[in-house]
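[1] My questions concern the predicted model and sequence given below.
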Amino acid sequence: MKRIWERITPISKAGRNFDIEFWQAQSAGSRFKATFGMLKDFYKLKGKKINARTFRLQRSAENLKQA
């Protein structure tokens, strides 16, 4: 069963509870898909090119040792 989310309130009085509850109810895949969509929109609005390396994970750790 699909759940419909809605909120009718002035933005100035809106708390974050609705947003937190909404996103926690979504699957990890849905959150990733939404985030990726926002990243693509951001790059398009800024006029930047999107290629295979644009969203590559940063690999900054060089050496890890167990303490």
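    On my side now, so go ahead.
[2] Could you list the buried residues of stretch 60-67?
    For stretch 60-67, a neighbour-count test (16 or more other C-beta atoms under 10 Å) marks nothing as buried. (C-beta placed from N, C-alpha, C; glycine too.)
[3] For that stretch, give me every contacting residue.
    Here stretch 60-67 makes contact (C-beta atoms under 8 Å, 6 or more residues apart in numbering) with no residue beyond itself.
[4] SS state for residue 4?
    coil (DSSP: H, G, I helix; E, B strand; the rest coil).
[5] From residue 66, how far off is it?
    49 Å (C-beta to C-beta, to the nearest Å).
[6] and what of residue 21?
    Taking C-beta to C-beta, one finds residue 21 at 39 Å from residue 66.
[7] before we move on, what about residue 38?
    Distance from residue 38 to residue 66, by C-beta to C-beta: 37 Å.
[8] Run the chain-centre distance for stretch 33-42.
    What separates the centre of stretch 33-42 from the centre of its chain is 7 Å, taken as C-alpha atoms, centre = their mean, to the nearest Å.
[9] ok, longest helix in the chain?
    helix 28-45 (DSSP state H).
[10] Quick one: low-confidence residue ranges for this structure.
    Within the chain, the ranges that satisfy pLDDT under 70 run 11-14, 61.
[11] Quick check, central residue of it?
    residue 35 (2.9 Å; C-alpha atoms, centre = their mean).
[12] Name the residues that touch the longest helix of the chain?
    Against helix 28-45 from outside (C-beta under 8 Å, 6+ apart): 23, 26, 49-50, 54-55.
[13] next one: it to chain centre, how far?
    Using C-alpha atoms, centre = their mean, the offset of helix 28-45 from its chain centre is 6 Å.
[14] Over to stretch 3-23?
    On C-alpha atoms, centre = their mean, the centre of stretch 3-23 falls 17 Å from the chain's centre.
[15] Please apply the same query to stretch 42-60.
    On C-alpha atoms, centre = their mean, the centre of stretch 42-60 falls 15 Å from that of its chain.
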